[in-house]
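Mind looking at a prediction? Sequence and model below.
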Amino acid sequence: MTLFSIARKNIRKNFTNYFLYVGSMIFSIVIYFTFVSLKYDQTILETADSSTKISSVFNGASVVLMIFVAVFIWYSNSFFTMKRKKEVGLYSLLGVRKKQIGRMLFYENFLMGIIALLIGIILGSLLSKFFVTILMKVMGFDALGNFAISPQAIVNTIIVFTIMTAITSIHGYRLIYRFKLIELFKAEQEGEKEPKASVITALISVLLVGAGYWLALQNMLESEVWRKIGYLITPLVILVTVILGTYLLFSTLTVYLLKLLRKNKTHFWNGINLISTSQLLYRIKGNARTLTIIAVLSATTLTAVGAAYSFYYNNRSNAELANPNSMMFIAKDKNVSNQIKERISRDKDHKIIYHMSVPTMMMDADITNLHSKFYSDEMEYSIISNKTFNQLAKSQNREESLSLKGNEAAALEAGYSKDFSPKYVGGTISLKANNHSENITFKELKKYNVLNLQTAGITVVISDELFSKLANGINLVNMEAYKLKNEEDAKIVTKEVQTLLPEEASYSSFYADYARGMETTGLLIFIGGFLGLVFLAATGSIIYFKQLTEATMDKDRYVILYKIGVNKKEVKKSISKQILFIFALPLLAGIAHSIVALTALSKLMQTNLMTPVIICIGIYVCIYIAYYFLTVRNYYKIIIK
Amino acid sequence: MKTILRARNVQKVYGSKGNQYKALADINFDIKEGEFIGIMGPSGAGKSTLLNILSTIDTPTSGEIMIADQNIVTMKEEQLSDFRRNNLGFIFQDYNLLDTLTVKENILLPLALSKVPAKEIENRVEKIADTFGIQGILDKYPYHISGGQKQRTAASRAMVTKPSLILADEPTGALDSKSAIDLLESLTALNEQNLSTIMMVTHDAFAASFCKRILFIKDGGIYAEIHKLQQSRQEFFQKILDVLASLGGGH
């Protein structure tokens, strides 16, 4: 019997033991392969106009994925070898040479790697088609039927995973050399010491997390601290303090709290509490690192997915904010305008809701008096009259109107930001007319515009009398504004109108912005969702593996309990409590971290991310809960058997 | 004296038809309150099977067993765990202490499970720790104490609920002779002063000589029964050795 056949037999006979390991490898390979085949797919690269952008996003994401997959495989590999130390020790005890054992483990691992690779690629080929359909749907393209598996993707995956398998196999080969025989036998019964907890470290952990949160929630632009530490280093400081704080929180504060709980005799000496609490206490130190990893992974996942989804979610409102009219352009040539009007009227699917010619003056203004840090002293504004504004606002279903008198004015800035934009209300600027200037004072500010951003920029509304006074000396331009039905799919008409117009017309359309947004945010959310799903599956599996390892180790303890008369119901209750604690801790920490991160983000972007973030967290929690019940069930099964 | 345990026609058959193996043939015996009874016999005689059945963690193929006036053969799973908790105390060869709990917590575990008030728990633990001389190590963890201390902790845990019957499975098997004597003396004291009923399964004739009565099992049936009566421990020990010799080897 050759070593190779022993190794082969090993796998065949203990397939259930190997199943988890091979399963997690297959999972990693499927994920990686799917992602890479998307990256190399011609249809994706061709369909998206901005192919360089997409491929660079894909490249970045696939590196992240590769690192992650490597860590994950490493983790499940060490979990797997840990479980087999005893078996390896037995071979050694029976007189098989170290070299032979090492070789056997090497072959075995390599064989499994190759099998996993084959299955992974086959499954991946089937699944990637499915993913492409989803991607296209999310990005707003029509689903593509002719997606094909590229040989490059297969080669790439084979290379990456063969290297990984080789590394883990060498690791397996070295196992027998790394430990003494006695250590192999005792692998599963190293006595974990009772953890110590000092009040000071517990306090420090809270302080660290608190400091990180505080820093993150500062207004970046105004904060002294941010300026002092530096804008590039502060995020790093936040990251380090929060991660370190989380670790200490798990390793110390929890111990401290559990010990407090233990001091309370009426609670602690009450049925099954005694067992679950002490069990947790016993394991918590060894778990602290895993819990921290999971909390950080959860936080990253939630933040990334939450942010990506928020962009996606906000795309329509952003496009609407920038383009209150479906189409807008500066009309210079009457003929062209008529042509366009005729073209648009022909479209039956996109009926005109309104069409207006907006008399506008493009004027330079001296804005020194606004004392803006970010805007230059001279700005060009689009000036419209009070009457025009009221008409447009009414057509756009805004329940607001202006009644400006004399030199009063109102600013319309759709991209208004408290930090960057000047303070308009009360400020005075001077409009430069042909040979004199006219001072106007802002009475109101609207954080939207009635004209499209790309055509009109920042708009100033002035009183009707001032408008007619100024209009005498200046060339008025007409801006044509159309509102169409079903503007979000007005692809053809938008394109055709564009071809009719010269560059100077500053053509803008809702569709173009919306589609561009869908393209990038769709891709963002797809990648975010994809990585999020992978991370979620991985975090879940890490806790799951860890808990089941503990279950095997704790089995004896439950046998003792059973003998002294603890019934199954109580055992189940104790297990549920214990595992709940382990699952809830990192989840809560992860959610808290991501909420802080997203709050900071929403402050920076001045958008409300509440709804999309809540949806993301909700989904995450649901999947996580499913993992919880699965773990409890299987933990219990191991114990009872 | 009240009868604590009554076993009638207890049989245990392993295997299926055609390939049957009788671990217990036909066991009949009683244990009265306040007895300290030993079970001896060669390997494979059925000692462990008998003990497992009496411990309610295994069921007999046929027969009837009454412990504290309750028929344990007909009980359901849930009832059995309650029964074990309330009526039986266990001392095992390998101690079976929970290493996540301190000595004190190990002892009070059965009381906590039965939801005895904290104050009462404190009193009872103190008393039993006194009897076994382990007050000094109450706050230590099992991996910090010696085998003898572990076994005394286990015995304390078995006795703290004042069970009707204490089942000891080779309690001295893993102990050095000094610790073994200490433990056996403590058990004897409890038996004599508190009238605790103890059944001890052992290989060791010396340990058995602390009992008041010994049943010898061979090939699944009761082979002999001897009483200590007024003999000294030395004489009883000699008598045990004689019976064992007649039993034949295997231990």
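Right, received. Where do you want to start?

can I assume residue B:57 is in contact with residue A:563?
Yes. The criterion here is CB atoms under 8 Å, and residue B:57 meets it with residue A:563 at 6.3 Å. For every residue, glycine as well, the C-beta is placed using N, CA and C.

More neighbours: these two, which one.
Remark: of residue B:57 and residue A:563, residue A:563 carries more neighbours, 18 against 15, as counted by other CB atoms under 10 Å in any protein chain shown.

my guess is that one contacts residue B:91, does it?
No. Between residue A:563 and residue B:91 there is no contact under CB under 8 Å: 11.0 Å.

can you give me the strands in the chain?
You didn't say which chain, so I picked chain A. A:327-331, A:352-366, A:378-385, A:408-412, A:428-432, A:437-446, A:459-462, A:477-484, A:508-509 (DSSP state E).

Can you look at chain B instead?
B:3-14, B:21-32, B:36-40, B:62-67, B:70-71, B:88-91, B:165-169, B:198-201, B:213-218, B:221-227.

Would you mind listing what in chain B touches chain A?
Applying CB under 8 Å from any CB of the partner chain, we find that chain B lies next to chain A at B:55, B:57, B:77-78, B:81-86, B:88, B:90, B:92, B:96-101, B:105, B:108-113, B:115, B:117-118, B:121-122, B:141, B:143, B:157.

What subset of those residues is buried?
With neighbours counted by 16 or more other CB atoms under 10 Å in any protein chain shown, the residues of chain B next to chain A contain buried members at B:55, B:81-86, B:88, B:90, B:92, B:96-101, B:105, B:108-113, B:118, B:121, B:141, B:157.

what residue ranges in the chain score low on pLDDT?
No chain in the question, so chain A it is. Counting by pLDDT under 70, the ranges of chain A that qualify are A:1-4, A:6-7, A:10-11, A:13-14, A:16-17, A:42-57, A:135-136, A:138-147, A:182-195, A:473.

Correction: the question concerned chain B.
B:249-251.

what ranges do the helices span in it?
B:47-54, B:77-87, B:103-113, B:118-132, B:147-159, B:177-193, B:205-208, B:233-247 (DSSP state H).

out of these, which comes closest to residue A:230?
helix B:103-113 (52.0 Å; CB to CB).

other SSEs contacting the closest one?
Counting contacts by 3 or more CB pairs under 8 Å, 6 or more residues apart in numbering or on different chains; DSSP states H and E, helix B:103-113 packs against helix A:273-322, helix B:118-132, helix B:147-159.

tell me the angle of that helix relative to helix B:118-132?
130 degrees (axes from the mean of the first three to the mean of the last three CA atoms, to 10 degrees).

what angle sits between helix B:103-113 and helix A:273-322?
80 degrees.

Mind checking the helices of chain B for the one nearest to residue A:267?
Using CB to CB, the nearest of the helices of chain B to residue A:267 is helix B:118-132, at 9.1 Å.

residues in contact with that closest one?
A:265-266, A:269, B:104, B:107-108, B:111-112, B:116, B:135, B:138, B:152-153, B:155-156, B:159-160, B:186, B:189-190 (CB atoms under 8 Å, 6 or more residues apart in numbering or on different chains).

Restricted to buried residues, select these in ChimeraX.
Burial among these is assessed by 16+ other CB under 10 Å; the matching ChimeraX selection reads:
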select /A:269 /B:104,107,108,111,112,116,138,152,153,155,156,159,160,186,190
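
from the stretch 151-251 of chain B, which residue is nearest to chain A?
Closest approach of the stretch 151-251 of chain B to chain A (CB to the nearest CB) occurs at residue B:157, with a separation of 7.5 Å.

Sorry, slip of the keys, the one I care about is the stretch 1-150 of chain B.
For the stretch 1-150 of chain B, CB to the nearest CB, closest residue to chain A: residue B:85, 2.9 Å.
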